[in-house]
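Undergrad: Turn this into a model:
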Amino acid sequence: MVKASAPPISTEGREMRFRTAGDVMTGVVVSVGYATPAGDAAGLLAEHGVGGLPVVDDDDRVIGVVARTDLTRYRAGPGFSPVCEVVTLPGRRTVGELMSAPAVTIRAIDTVALTGRVMAARGIGRIPVVDEEARLIGMITRRDLLRVFVRPDSELRDEIIDDVMARALFLYPGPPTVSVQDGVVTLHGCLEREGDASVAAQMAARVDGVVAVVNRLTGRRAHAPE
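TA: Have a look, this model is predicted:
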């Protein structure tokens, strides 16, 4: 007699929530319009201590970004070190003439991991966050990303237990034991199937802030024959 057994773990229909750009962004953003004088934009950069400003149209849609380097020049001479100063712009040029366009943006619903990849690929230190209508709703900087990825081990362990093992895979409380040290997750225990152990490790690795996963989970057997 062949004993029937439950099917292997499937993640279909079991959503695991990852941090999004909307979760970590700064919601109060200083922006400028296309016709904003360049001198005014330079003043805002200095006042707020930021490296760039999103440029928006009348509907708050992001149409470009103006950076400090767009508004400054470097001067060096005898006895001087290179310094950064606001350019004297003839005819009061506007932000629209100097901005970089189209702007690189990220949607509020996109994951923090995707946000980091986009910023790294484009070599930028800050990125505007937009809604589904491309309207500006926030800003993310490298510092914001570091707050997500440099996380306490105890916080990572709790998230893996609650979101991965319990809510997504229904494995906890149960055989898996989760330990975390310096961002490295180690999984111990014996599950029903080898495939279940692999899925659990893969999902743990996707948690924001996890550096690596040491998978010491085992399975009692391979998938049951059909």
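Undergrad: spatially speaking, which residue is in the middle of this structure?
TA: Nearest to the geometric centre of the chain sits residue 112, at 2.0 Å (CA atoms, centre = their mean).
Undergrad: My understanding was that that one contacts residue 142; is that so?
TA: No. Judged on CB atoms under 8 Å, residue 112 makes no contact with residue 142 at a distance of 11.9 Å. Any C-beta I mention is one placed from the backbone N, CA and C, and that applies to glycine too.
Undergrad: number of nearby residues for residue 71?
TA: By the measure other CB atoms under 10 Å, the count of residues near residue 71 is 25.
Undergrad: I figured it hits residue 98, correct?
TA: Yes. Between residue 71 and residue 98 a contact is recorded at 6.6 Å, counting by CB under 8 Å.
Undergrad: what sits in contact with each of the two?
TA: Jointly contacting residue 71 and residue 98 under the rule CB atoms under 8 Å, 6 or more residues apart in numbering are residue 38.
Undergrad: how's this structure carved up into domains?
TA: The record's domain parsing of the chain by automatic domain parsing lists 21-149, 153-221.
Undergrad: Residue 154 in helix, strand or coil?
TA: Recorded secondary structure, residue 154: helix (DSSP: H, G, I helix; E, B strand; the rest coil).
Undergrad: Leaving out the residues flanking it, which one is nearest to residue 155?
TA: residue 209 (7.7 Å; CB to CB, 6 or more residues apart in numbering).
Undergrad: For the one you found, which residues are in contact?
TA: 148, 149, 150, 151, 155, 156, 183.
Undergrad: got a pLDDT number for it?
TA: Looking at residue 209, its pLDDT reads 84.
Undergrad: Tell me how far it lies from residue 58.
TA: Residue 209 sits 40 Å away from residue 58, taking CB to CB, to the nearest Å as the criterion.
Undergrad: and what of residue 95?
TA: 14 Å.
Undergrad: show me where pLDDT drops low in the protein?
TA: Scanning the chain for pLDDT under 70 picks out the ranges 1-17, 72-92, 172-173, 221-226.
Undergrad: So for residue 95 and residue 58, which residue has more residues nearby?
TA: Neighbours were counted for residue 95 and for residue 58 using other CB under 10 Å; residue 95 has more, 23 against 7.
Undergrad: ok, so what distance separates that one from residue 122?
TA: 20 Å.
Undergrad: What of residue 45?
TA: Separation of residue 45 from residue 122 (CB to CB) stands at 20 Å.
Undergrad: Mind checking which of those two has more residues around it?
TA: residue 45 (22 against 10).
Undergrad: does the more buried one sit in a helix or strand, and which one?
TA: helix 38-48 (DSSP states H and E).
Undergrad: and that helix, what other elements does it pack with?
TA: The contact analysis (3 or more CB pairs under 8 Å, 6 or more residues apart in numbering; DSSP states H and E) places helix 38-48 against strand 32-33, strand 52-56, helix 68-71, helix 95-98.
Undergrad: Take the ones you listed and write them to a markdown table, including distance to residue 117.
TA: Supplementary listing: those in a markdown table, determined by distance: least, CB to CB, whole Å:
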| stretch | distance to residue 117 |
| --- | --- |
| strand 32-33 | 27 |
| strand 52-56 | 19 |
| helix 68-71 | 23 |
| helix 95-98 | 28 |
